[in-house]
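Asker: can't give you the sequence, but here's the structure:
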């Protein structure tokens, strides 16, 4: 499956879904003007990939510096999709990297991570 | 005085009023997403130059974003006045200032609201401003999982995000303007 690559902008994160290597990353800041328009193709690509993953394994890295409240819903939906795939037999590792100078992002990671029932969750400091 | 000198005096006095209140940025006018970009960029740079710590910079910025988006989406003062709510060319009017007060950064935002919305906003904001950090966390998650309510065009958690990022309880006020509208003001400190 072709990779999904979206370059970062001032207001939207970089997306690199390397499906062949089962390594998916979203990084940067997320406060796009229109959250639905930005995340729609990301959800579509992730849904298609996860539907074919079966009992395979996948790693998803969240490396977010900041996201606004409208993006939070989209991030929760990404987590839900990953957890659902894990429930269906895939081996999913979710990594949430936070800047240690901003404990808000650490707290948000804890809050999102505690909802994962089937995927493995790792909370890590970003490399300086 | 020449007319030019009066011109300078008037604008200088206006600037002095803002500075005296500790205001670093002031925006009053129709608010658009590109305005948010531009003012946001200058705000980030100013905070970085001022050596504010990373968490403070991000918190002030996060509050600024939520306040601006609230005005862009919900201000009742708009052109064209009777357009349907999804009209792409619609512009909404708001006032936003960022300043410093007794060592805190303060973000004020104000816009007109319909008088019939006052009670709903007051209830919601009273509840949020009375919550401690743990309660705000719970409310944030609950709101995230709930469907957006009928008045919401976003995820409906903007006020909770503002309160979470603020270092003190948020403050708000309403002032009647006429039979249809009231002015709504919201203050958050970091």
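Answerer: Arrived safely. Source: prediction; values computed, not measured.
Asker: contacts for the biggest strand by length in chain A, please.
Answerer: Ordering each strand of chain A by length in residues (DSSP state E) puts strand A:57-67 first. The contact list for strand A:57-67 (C-beta atoms under 8 Å, 6 or more residues apart in numbering or on different chains) reads A:13, A:22-31, A:49-50, A:75, A:78, A:82, A:85, A:90-97, A:99, A:102, A:105, A:109, A:126, B:58, B:61-62. Every residue, glycine included, has its C-beta placed from N, CA and C.
Asker: can you turn the buried part of these into a ChimeraX selection?
Answerer: Applying 16 or more other C-beta atoms under 10 Å in any protein chain shown to the contacts of strand A:57-67 leaves a buried subset, and the ChimeraX line that selects it is:
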select /A:13,22,24,25,26,27,28,29,30,31,49,50,75,78,82,85,90,91,92,93,94,95,96,97,99,102,105,109 /B:58,61,62
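Asker: paired strands for the lowest-mean-pLDDT helix or strand in chain B, with orientation please.
Answerer: Ranked by mean pLDDT, DSSP states H and E, the helix or strand of chain B with the weakest confidence is strand B:78-79, at a mean of 88. Strand pairing for strand B:78-79, using DSSP bridges, gives strand B:91-101 (antiparallel).
Asker: neighbouring strands - and their directions - for whichever helix or strand comes after the partner strand?
Answerer: Reading on from strand B:91-101 to the C-terminus, the next helix or strand found by DSSP states H and E is strand B:104-114. Strand B:104-114 pairs in its sheet with strand B:91-101 (antiparallel), strand B:181-189 (antiparallel), by DSSP bridges.
Asker: average pLDDT across strand B:104-114?
Answerer: For strand B:104-114, mean pLDDT is 96.
Asker: need the contact partners of it.
Answerer: B:22, B:47, B:52, B:56, B:60, B:63-64, B:67-68, B:70-71, B:74-77, B:92-100, B:121, B:167-168, B:174, B:177, B:180-190.
Asker: enumerate the residues of chain A near chain B.
Answerer: A:10-11, A:31, A:33, A:35, A:65-66, A:68-70, A:72-73, A:76, A:99, A:101-104, A:107, A:111 (C-beta under 8 Å from any C-beta of the partner chain).
Asker: returning to what we had before: report the buried members of the contacts of strand B:104-114.
Answerer: The buried subset of those (16+ other C-beta under 10 Å) comprises B:47, B:52, B:56, B:60, B:63-64, B:67-68, B:70-71, B:74-77, B:92-99, B:121, B:174, B:181-184, B:186-190.
Asker: poorly predicted segments of chain A, please.
Answerer: In the prediction, chain A carries no residues with pLDDT under 70.
Asker: residues contacting residue 23?
Answerer: Picked chain A for this. A:58-59, A:61.
Asker: to clarify, I was referring to chain B.
Answerer: Contacts of residue B:23 (C-beta under 8 Å, 6+ apart): B:97-99.
Asker: could you do residue A:4 as well?
Answerer: A:15-17, A:19, A:41-42, A:45.
Asker: same question for residue A:98.
Answerer: A:105-106, A:109, A:123-126.
Asker: center of chain A, which residue is that?
Answerer: Centroid-nearest residue in chain A: residue A:62, 4.8 Å away (criterion: C-alpha atoms, centre = their mean).
Asker: which residues does that residue bridge with?
Answerer: If you apply DSSP bridges, the partners that residue A:62 bridges to are residue A:26, residue A:96.
Asker: how much space separates it from chain B?
Answerer: Counting by C-beta to the nearest C-beta, to the nearest Å, the gap from residue A:62 to chain B is 15 Å.
Asker: what comes into contact with the helix or strand hosting residue A:37?
Answerer: For residue A:37, the host element (DSSP H and E) is helix A:35-51. With contact meaning C-beta under 8 Å, 6+ apart, helix A:35-51 is reached by A:1, A:4, A:6, A:12, A:15, A:17, A:19, A:24, A:26, A:30, A:32, A:58, A:70-71, A:73-74, A:77-78, A:81-82, A:84-85, A:90, B:154.
Asker: from what I see, residue B:131 and residue B:139 are in contact.
Answerer: Yes. Counting by C-beta atoms under 8 Å, residue B:131 touches residue B:139, with 6.3 Å between them.
Asker: now for the two: what residues contact both?
Answerer: Going by C-beta under 8 Å, 6+ apart, no residue sits against residue B:131 while also sitting against residue B:139.
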